[in-house]
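[1] no sequence on this one, just coordinates:
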């Protein structure tokens with residue numbers, strides 16, 4: 001659980017001895033604008049790890065796997081170099097330059113909008129870790145996310161959280177996919193690879209993307225679009241670029 005830390009006044013951390021650094025620290029550089037780009041929110045299946053009840057410092061926590069609506073106000077902190085490269089609670093690798101976060105009970109993974117109430121700046125983060133385990137804090141942001149909402153200097157900020165996408169929304173998203181025009185450009189069991197391709201399509205072709213998962217297969221879709229002419233133009237551009245195998249996810253809706 002990368003989001004937790006210890007101090008002389010606290011019980012011994014469950015992560016004691018796991019990290020090379022005793023205290024967390026800032027990296028040598030600031031995040032780039034690309035690294036602070038909000039991820040595209042999408043409903044993903046529950047991670048195999050990080051969604052069962054657990055205990056830290058004698059406190060019991062029960063993740064809210066079926067959550068579809070959630071708002072919370074409190075104090076945010078951030079975590080950086082000490083945890084960079086180590087596994088998060090759901091088994092991914094923590095990257096302090098990615099737009100991610102740790103929360104005690106939100107389903108993993110889920111997407112949350114975080115708004116700094118002191119300056120109005122906001123960011124969307126993908127929650128893939130557990131923490132922070134300080135009683136007065138509700139979320140631990142990555143270095144990039146903390147930088148985007150302007151809280152690096154103080155280290156903490158008053159924030160409001162709003163759940164945008166969660167695993168419980170996956171079924172409804174699949175229904176919506178069949179009612180709107182989408183273009184499938186790639187399918188794989190490697191979700192990380194599809195996230196990279198998704199970022200490339202958004203940056204290079206300025207098209208909206210979503211990743212849908214069914215039975216362990218992840219599908220990278222461009223869309224949605226309710227304009228059939230726009231959808232046909234998107235398909236032509238994708239085929240002319242590096243996706244000659246792109247096709248309408250449901251030709252009866254798009255044609």
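    Right, received. Where do you want to start? Every value quoted in this text rests on a predicted model; they were computed, and no experiment measured them.

[2] in a helix, residue 197, correct?
    Yes. The assignment for residue 197 is a helix, going by DSSP: H, G, I helix; E, B strand; the rest coil.

[3] in this structure it contacts residue 184, no?
    No. Under the criterion of C-beta atoms under 8 Å, residue 197 makes no contact with residue 184, lying 12.0 Å away. In this view, the C-beta of every residue, glycine as well, is placed from N, C-alpha and C.

[4] what sits in contact with each of these two?
    The overlap between the contact sets of residue 197 and residue 184 (C-beta atoms under 8 Å, 6 or more residues apart in numbering) consists of residue 220.

[5] and the gap between residue 199 and residue 133?
    Applying C-beta to C-beta, to the nearest Å, the value for residue 199 to residue 133 is 31 Å.

[6] who has more neighbours out of these two?
    residue 133 (22 against 15; other C-beta atoms under 10 Å).

[7] surely that one meets residue 54?
    No. With contact defined as C-beta under 8 Å, residue 133 does not reach residue 54; the gap is 10.7 Å.

[8] so the residue nearest the centre of the chain: helix, strand or coil?
    Central residue of the chain (C-alpha atoms, centre = their mean): residue 126, 1.5 Å from the mean position. Look at residue 126: counting by three-state DSSP, its state is strand.

[9] for it, what are its contacts?
    For residue 126, the residues meeting the contact criterion (C-beta under 8 Å, 6+ apart) are 39, 98-101, 109-111.

[10] let's see 6 Å
    Applying C-beta atoms under 6 Å, 6 or more residues apart in numbering, we find residue 126 in contact with 39, 100, 109, 111.

[11] who's it bridged to?
    Beta-bridge partners of residue 126, counted by DSSP bridges, are residue 100, residue 111.

[12] so where do the strands sit in this structure?
    In the chain, the strands defined using DSSP state E lie at 54-56, 59-61, 71-78, 100-102, 110-116, 122-129, 137-141, 157-165, 181-188, 209-214, 217-225, 247-248.

[13] low-confidence ranges in the stretch 101-250 of the chain?
    174-178, 215 (pLDDT under 70).

[14] repeat that for 80
    Flagging of the stretch 101-250 of the chain using pLDDT under 80 yields the residue ranges 135, 171-178, 213-216, 226, 250.

[15] how about stretch 31-49: buried residues?
    Residues 31, 35-37, 39-44, 46-47 are the ones in stretch 31-49 that count as buried (16 or more other C-beta atoms under 10 Å).

[16] just so I know, which of the strands of the chain lies nearest residue 89?
    When the strands of the chain are ranked by proximity to residue 89, the top entry is strand 122-129, at 4.9 Å, counting by C-beta to C-beta.

[17] for burial, what's the neighbour tally of the residue nearest to residue 76 when sequence neighbours are not counted?
    Residue nearest to residue 76 in three dimensions, not counting chain neighbours: residue 159, with 4.3 Å by C-beta to C-beta, 6 or more residues apart in numbering. Each residue near residue 159 was counted by other C-beta under 10 Å, and the total is 27.
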